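With the input below, show me the fold.
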Amino acid sequence: MADAPVYYHGTKVDLQLGDLIAPGYASNYGKREQAAFVYLSATLDAATWGAELAVGEGRGRIYIVEPTGPIEDDPNLTDKKFPGNPTLSYRSRHPFRVVGEVSPWTGHSPERLKEMLDHVEALRRRGVEAIND
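The predicted structure is shown next:
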């Protein structure tokens, strides 16, 4: 039997072991609309982006999480953008339980982070929002 994958969730929210990350709260991104899904990744790099790009005060955090229900490919990062889901990014309408925290972790270079923030801002100006249906 294969080992279960490790899943990560990047955010700026300070959570404790056993806490649930659930849909229904303001999104970490964009217009901060009520999130219909919660997101996770099986790659530390994708979770690092989540921690770095999340809105809010405080430092970014990367949690190790376990899904409490089914997960599906994240359409914001799959299909035409990254066929085959190489970022191993998923979403769910069910909460994720915090089972650990990655600490310390290494962020992207200031130059790479600025490139991504500029890209996100360009998408915002064009009216491109995350899929949340």
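
what residue is smack in the middle of this structure?
Nearest to the mean C-alpha position of the chain, counting by C-alpha atoms, centre = their mean, stands residue 50 at 4.4 Å.

Mind telling me what element it is part of?
Using DSSP states H and E, residue 50 falls within helix 44-53.

Format the CA atom coordinates belonging to that helix as CSV.
C-alpha atoms of helix 44-53 as CSV (Å, rounded to 0.1, in the frame of the first residue of the first chain):
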residue,chain,number,x,y,z
LEU,A,44,5.7,22.7,-0.8
ASP,A,45,6.4,25.2,-3.6
ALA,A,46,2.7,25.8,-4.2
ALA,A,47,2.0,26.1,-0.5
THR,A,48,4.9,28.6,-0.3
TRP,A,49,3.2,30.8,-2.9
GLY,A,50,-0.1,30.5,-0.9
ALA,A,51,1.7,31.8,2.3
GLU,A,52,3.5,34.6,0.4
LEU,A,53,0.5,35.8,-1.6
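
which other helices and strands contact it?
strand 7-11, strand 38-41, strand 61-67, helix 110-125 (3 or more C-beta pairs under 8 Å, 6 or more residues apart in numbering; DSSP states H and E). Where you see a C-beta, it was placed from the backbone N, CA and C, and this is true even at glycine.

So for the second one, mean pLDDT?
What that stands for is strand 38-41. Across strand 38-41, the average pLDDT comes to 90.

could you say what helices and strands that strand packs with?
On a contact count with 3+ C-beta pairs under 8 Å, 6+ apart, strand 38-41 meets strand 7-11, helix 44-53, strand 89-92.

where's residue 95 relative to residue 50, distance?
16 Å (C-beta to C-beta, to the nearest Å).

Please read the previous query as pertaining to residue 87.
11 Å.

shared neighbours, the two?
Residues touching both residue 87 and residue 50 (C-beta atoms under 8 Å, 6 or more residues apart in numbering): residue 41.

in this structure, which ranges drop under the pLDDT threshold?
Within the chain, the stretches with pLDDT under 70 are 1-3, 25-34, 76-86, 123-124, 126-133.
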